[in-house]
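Visitor: structure, please.
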Amino acid sequence: MQQRPNDGTMSDVQSDARGNEEDAALLHETVPLDAVLTYTREHNPAIRAAQGRVRAAQKIPPRAAAYDDPMVMWDNWNSPENLHLNEASNNIFRLAQKIPFPGKLRLKGEIAAKEAAQREAELGATGIDTIAQVKKAYYDLWLVYQNLRVYSRDKGLVAQFAQIAERKYAVGQVSQPDVLRAQVELTRLSNRVTTETLSLSKARAQLNAVLSRPPEAPLGIPRDPPPPVITYSLEDLAKQTLAHRPELLAQVSMVERENLALALARTAYYPDFEVAVSRFVNFGQRDGFGLTVSASIPLAFKYKYDAGVEEAVANQETAQSDLRRLQDHALFEVKQFLVEAQVALEQRNLFLGTHIPQAEQTLAASQIGYQTGKIDFLSLIDSVRAVEQVHLEHLMAAANFEKAWAELERAVGQELPRK
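Guide: Residues are numbered from 1 along each chain as shown. A predicted model of the protein is given here:
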């Protein structure tokens, strides 16, 4: 009879199957950004390491708030003459437990809990930083594909114009320089296609690195970004930043930790205790019980506790100052990347609404003018280059918007849906 695999085996199989499905999603002809982000969250080593630190930190509070282990002792009097238990004149078995002043263990546990909360916030920071890197690498790869498409299209267009120039030269309608200029321009575009094709390998390797995949691992073609739009005001983004940015949440936990550390330092002036229960075993005599209570004397060396409180106060003030510094920097980043997104959006809209239509119309008119002999070949090539340039700048603006938006989400600390 075949045995069922244990839970660990089933978990491994399910994990492998899920990993294969996620990897397969990256190999489609076009790969959506969501599939890339899903793969990142599951496989990025920085995120996995941060998750491990969180799991470790969450195990500390119960230990920090726990009592020390009790101590078991045996006292044997009149040794070494009477080492036998049944012959010793007096044997004492003692069970002792140290008891810190009330509140000390609770504060230690709360301090450890704040450190765990800080690790959780750092996990969020690692995740949002990694997602921003993935989005920027994704749209860098998208831009290379789009540039390659522009150069390939223009290469085919110039090849058609070269054929027209050759036919016109064959019948004596144009001079030989037109044919030579066409070949020079065709060579330039061929070189651009070659260099952009090589750039694909670099952009793909950059994205694979963030995904923790081999540099040459295959990837599908990134999809076009959604329509860019900005519906958030600076005030709204600033509020979200102060409430959600992981670095700020981590520093808030640090401030709270230092407040608790100061309270703990002040409890050092109070004594700790130890309670011991003893059992007297007397040979040939009546047995009995004993109770011992002891306490530390913290005022004997008060100066070291004064120094501890002063240290805790300094750490508390430092944590508050660091929080203010991080808040100022976060709000600056929000403003910076919001402006970058606004600039990129304006440029993109300007190219789509004005520059590209004008350049395309000019190219169409130049093509007709050259065929009818009204303009020379150099003017036609200038029109081709003008169309090429506005398309490249439009694509750059679109990619810059997506990358600025990714940085803006990182600065805010959460995803910003396009409304």
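Visitor: pLDDT weak spots in the stretch 151-300 of the chain?
Guide: 174-175, 282-285 (pLDDT under 70).
Visitor: which parts of it are helices?
Guide: 176-210, 234-244, 246-267 (DSSP state H, counting those that start in this stretch).
Visitor: pick the most deeply packed of those.
Guide: Stretch with highest mean neighbour count among these: helix 246-267 (a mean of 20; mean count of other CB atoms under 10 Å). (C-beta placed from N, C-alpha, C; glycine too.)
Visitor: in PDB, list the C-alpha atoms belonging to that helix.
Guide: Taking Å, rounded to 0.1, in the frame of the first residue of the first chain, the C-alpha atoms of helix 246-267 are listed here in PDB:
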ATOM      1  CA  PRO A 246       7.700  51.900   6.300                       C
ATOM      2  CA  GLU A 247      10.900  53.700   7.200                       C
ATOM      3  CA  LEU A 248       8.900  56.200   9.200                       C
ATOM      4  CA  LEU A 249       6.900  53.400  10.900                       C
ATOM      5  CA  ALA A 250      10.100  51.700  11.800                       C
ATOM      6  CA  GLN A 251      11.500  54.900  13.300                       C
ATOM      7  CA  VAL A 252       8.300  55.400  15.300                       C
ATOM      8  CA  SER A 253       8.800  51.900  16.700                       C
ATOM      9  CA  MET A 254      12.300  52.900  17.600                       C
ATOM     10  CA  VAL A 255      11.100  56.000  19.400                       C
ATOM     11  CA  GLU A 256       8.600  54.000  21.400                       C
ATOM     12  CA  ARG A 257      11.400  51.400  22.100                       C
ATOM     13  CA  GLU A 258      13.600  54.200  23.500                       C
ATOM     14  CA  ASN A 259      10.800  55.500  25.600                       C
ATOM     15  CA  LEU A 260      10.400  52.000  27.100                       C
ATOM     16  CA  ALA A 261      14.100  51.700  27.500                       C
ATOM     17  CA  LEU A 262      14.200  54.900  29.500                       C
ATOM     18  CA  ALA A 263      11.400  53.600  31.800                       C
ATOM     19  CA  LEU A 264      13.400  50.400  32.200                       C
ATOM     20  CA  ALA A 265      16.500  52.300  33.100                       C
ATOM     21  CA  ARG A 266      14.600  54.100  35.800                       C
ATOM     22  CA  THR A 267      13.500  50.800  37.300                       C
END
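Visitor: picking up where we left off before, how about the helices of the stretch 151-300 of the chain in JSON lines, adding distance to residue 390?
Guide: Conversion of these to JSON lines gives the following (distance: least, CB to CB, whole Å):
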{"stretch": "helix 176-210", "distance to residue 390": "16"}
{"stretch": "helix 234-244", "distance to residue 390": "31"}
{"stretch": "helix 246-267", "distance to residue 390": "40"}
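Visitor: any idea which of those helices gets closest to residue 53?
Guide: Residue 53 lies closest, by CB to CB, to one member of those: helix 246-267, at 12.0 Å.
Visitor: which strands or helices does the closest one pack on?
Guide: Contact partners of helix 246-267 among helices and strands, from 3 or more CB pairs under 8 Å, 6 or more residues apart in numbering; DSSP states H and E: helix 104-170, helix 302-350.
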